[in-house]
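Student: sequence isn't available, so here's the structure alone:
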């Protein structure tokens, strides 16, 4: 079993920045791809970014590409998401996830086995 706990969310003005963290426990996640998704009441859970186990490959959703940076520290069993130039449409609950036994595109929710509880990000205009 893997437990994922997100932190770092909050209220920020448009144009500002935040860094989200996702701490894993229960087992090491250093050998597995991980990702970030976000959700609002009006939308389904949306792909934000993903990273390979070695950090050699990163992937971004079209709406965040060029503004967000995903990274990981395998020694700390932690995933990060640096969010820059935030917009009101970035508002939502952000979830981290890890692909251990799953398969498929890292942009797909179904590829991930374990999810965190989420952290709220609110961007004020």
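Tutor: Perfect, I can see it now. Everything numeric in this text was worked out from a predicted model, so none of it was measured.
Student: state the pLDDT value of the residue nearest the centre of the chain.
Tutor: With distances taken as C-alpha atoms, centre = their mean, the residue of the chain nearest its centroid is residue 36 (2.1 Å). On pLDDT, residue 36 comes in at 98.
Student: how about it, secondary structure?
Tutor: Recorded secondary structure, residue 36: strand (DSSP: H, G, I helix; E, B strand; the rest coil).
Student: wait, it sits on residue 81?
Tutor: Yes - between residue 36 and residue 81 there is a contact under C-beta atoms under 8 Å: 5.0 Å. C-beta coordinates here come from the backbone N, C-alpha and C atoms, glycine included.
Student: so what sits against both of these two?
Tutor: 20, 22, 48, 49, 70, 94, 96 (C-beta atoms under 8 Å, 6 or more residues apart in numbering).
Student: by neighbours, which of these wins?
Tutor: residue 96 (31 neighbours; other C-beta atoms under 10 Å).
Student: make sure that one is actually in contact with residue 112.
Tutor: No - counting by C-beta under 8 Å, residue 96 sits too far from residue 112 to count as a contact (9.2 Å).
Student: quick check: neighbours shared by the two?
Tutor: residue 35.
Student: what's near enough to touch the residue lying farthest from the centre of the chain?
Tutor: Within the chain, the residue lying farthest from the chain centre (C-alpha atoms, centre = their mean) is residue 125, at 22.6 Å. When contacts are counted by C-beta under 8 Å, 6+ apart, residue 125 touches 14, 88.
Student: I'd like the distance between it and residue 16.
Tutor: 11 Å (C-beta to C-beta, to the nearest Å).
Student: residue 50 too?
Tutor: From residue 50 to residue 16 the distance is 24 Å (C-beta to C-beta).
Student: who's more crowded, the two?
Tutor: Between residue 50 and residue 16, residue 50 has the larger neighbour count (other C-beta under 10 Å), namely 25 against 14.
Student: other SSEs contacting the helix or strand where that one lies?
Tutor: Per DSSP states H and E: residue 50 is located in strand 46-51. Judged by 3 or more C-beta pairs under 8 Å, 6 or more residues apart in numbering; DSSP states H and E, strand 46-51 is in contact with strand 33-39, strand 58-60, strand 68-73, strand 78-83.
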